[in-house]
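# need coordinates for the following:
(one chain, ligands or ions: 2)
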Amino acid sequence: MKRFFPILLMIICLCITSCSNKDHKTTLSFYAMDTFMSIDAYGENSQAAEQAKDRVLELEDRLSVTDKNSEIFAINNGLSVNISPDTLNLICYSLEMSEKTGGALNPTIYPILLEWGFTTGNYRVPDPQRLSELLENVGADKVTVNGGSISLADGVMLDLGAVAKGYASEECAKILRESGVKSALINLGGNIRLVGNRPDGTPWNIGVADPLGEGYVGILSLTDCAAVTSGNYQRYFIENDTVYGHIIDPATGFPVDNDLLSVTVIANDGTLCDALSTALFVMGCEKAEQYWRDNRDFEAVFVTKNNTVYVTSGIYQSFTLDESSGSALKIIE
Ligand code: ADP
Ligand code: MG
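Ligands and ions are numbered 1, 2, ... in the order given. You can find the predicted model right below:
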């Protein structure tokens, strides 16, 4: 037995080394941008997840609307600040998307959110007169980009909350890919960004949450893309039996209340997914469907109040309805 022991030990060691190379995985869970986040990276370069996390924290420092040291805070309060390419590009992107979505995505909505108490937690239903006064300061046309500087008309404030997590998820994917990671699942508070397939080579299964329950209305089978969901079912307050959610219709200054419960957008770019999931949720089902027909650079899943899940034709094959959700499934063509 004595002679066999070193050989046995060698075999065990070899086995452990080869297993750990094959099964290398880095999982990080952290809290940033006011939500829970996780990064699961696979393969021998999976440690790059640490850099991806640092990048999220850097972006939070730059883009936070509440942090007194952020660039957005400085811009909103007329303080002098060096605007980073991240902040400048994301402001420009939001302004473009605001125009493209007919103002449904509106990076100048912040004064309205403040009035509702969404950023402070001092929730209240504002006086309609006050809301219409504040709405006069809402609009992409009230922001001027001049080279590397941004100027805001009086009373105008920026909030990139509708696009920041999507942008951050795309930055994470870039870092992981550049580090040689071929398989990763990035989940920034429900903003999903997938790198490649699962480590076993099969697509990822991403659940589309049931906005009214605990489970899922269905599962998306996806590879190397982003999937972002927006809805008013996660951040809201209730007053006099009415639910007031955190996504505001810029046309009224009131939380969105239409035929949609949630919108999930699937595309190759996480920033686009984030911008569109918010904007399409504001539009309501019919306008959102039309926006898809006019653009077709993304796919979408709409969960509606009439117990029906509408799925655009390009993603229909990859979506499996959870029969137990009791929802009907319809295709949008
Ligand atoms: P989440 O942040 O929950 O992932 P969204 O991406 O839809 O959801 O962004 C919602 C956030 O965007 C709100 O918390 C608010 O900061 C901001 N916001 C609310 N309404 C709008 C709007 N119409 N356009 C742009 N930003 C909005
Ligand atoms: Mg969004």
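# which phi and psi does Ala49 have?
The phi/psi pair for Ala49 (degrees, to the nearest 10) reads phi -60, psi -30.
# list the contacts for Arg55?
Counting by C-beta atoms under 8 Å, 6 or more residues apart in numbering, Arg55 makes contact with Ala168, Glu171, Cys172, Ile175. In this view, the C-beta of every residue, glycine as well, is placed from N, C-alpha and C.
# what's the answer for Thr66, then?
Applying C-beta under 8 Å, 6+ apart to Thr66 gives the contacts Phe73, Thr119.
# now the protein, which segments are flagged as low pLDDT?
Residues of the chain that meet the criterion pLDDT under 70 lie in 1-22.
# chain neighbours aside, what residue packs nearest to the residue in the stretch 51-200 of the chain that ligand 1 sits nearest to?
Closest contact between the stretch 51-200 of the chain and ligand 1, by C-beta to the nearest ligand atom, is at Gly161 (2.8 Å). If you skip the residues right next to it in sequence, Gly161 has Val65 as its closest partner in space, 6.5 Å away by C-beta to C-beta, 6 or more residues apart in numbering.
# one more: Ala52?
Cys172 (3.9 Å).
# then that neighbour would be within a strand, right?
No - the assignment for Cys172 is helix, going by DSSP: H, G, I helix; E, B strand; the rest coil, so no strand is present there.
# can you tell me the element Glu99 falls in?
Element membership of Glu99, judged by DSSP states H and E, is helix 85-100.
# ok, back up a step: does the residue of the stretch 51-200 of the chain closest to ligand 1 touch Ser64 like I think?
No - with contact defined as C-beta atoms under 8 Å, Gly161 does not reach Ser64; the gap is 9.1 Å.
# quick one: which of the two has more around it?
Gly161 (24 against 21; other C-beta atoms under 10 Å).
# am I right that that one sits in a helix?
No - using three-state DSSP, the assignment for Gly161 is coil, not a helix.
# relative to Gly326, how far out is it?
32 Å (C-beta to C-beta, to the nearest Å).
# what parts of the stretch 201-333 of the chain come near ligand 2?
Asp274, Ser277, Thr278 (C-beta under 5 Å from the ion).
# just the residues you listed now: which is nearest Asn187?
Asp274 (13.2 Å; C-beta to C-beta).
# neighbours around the residue nearest to Gly161, how many?
20.
# residues contacting the most centrally placed residue in the chain?
Nearest to the geometric centre of the chain sits Asn191, at 3.6 Å (C-alpha atoms, centre = their mean). Residues counted as contacts of Asn191 (C-beta under 8 Å, 6+ apart) are Lys165, Gly166, Ala168, Ser169, Ala226, Val228, Gly270, Cys273, Asp274.
# so of the residues you listed, which ones are in strands?
Taking DSSP state E as the definition of strands, the contacts of Asn191 contribute Ala226, Val228.
# the contacts of Asn191 in helices, which ones?
Lys165, Gly166, Ala168, Ser169, Gly270, Cys273, Asp274 (DSSP state H).
# and those, which of them are buried?
Lys165, Gly166, Ala168, Ser169, Gly270, Cys273, Asp274 (16 or more other C-beta atoms under 10 Å).
# and the two most separated of those?
Ala168 and Cys273, at 12.2 Å, using C-beta to C-beta across these.
# enumerate the beta-bridge partners assigned to the residue nearest to Thr229 when sequence neighbours are not counted.
Leaving aside its sequence neighbours, Thr229 sits nearest to Thr264 (C-beta to C-beta, 6+ apart; 4.4 Å). Legend: beta-bridge partners of Thr264 under DSSP bridges are Thr229, Val301.
# isn't Thr264 right next to Ala227, touching?
Yes - with contact defined as C-beta under 8 Å, Thr264 counts as touching Ala227 (6.0 Å).
# which of those two has more neighbours?
Neighbours per residue, other C-beta under 10 Å: of Thr264 and Ala227, the larger number sits with Thr264, 30 against 27.
# so what's that one up against?
With C-beta under 8 Å, 6+ apart, Thr264 has these contacts: Val208, Leu220, Ala227, Val228, Thr229, Ser277, Ala300, Val301, Phe302, Val303.
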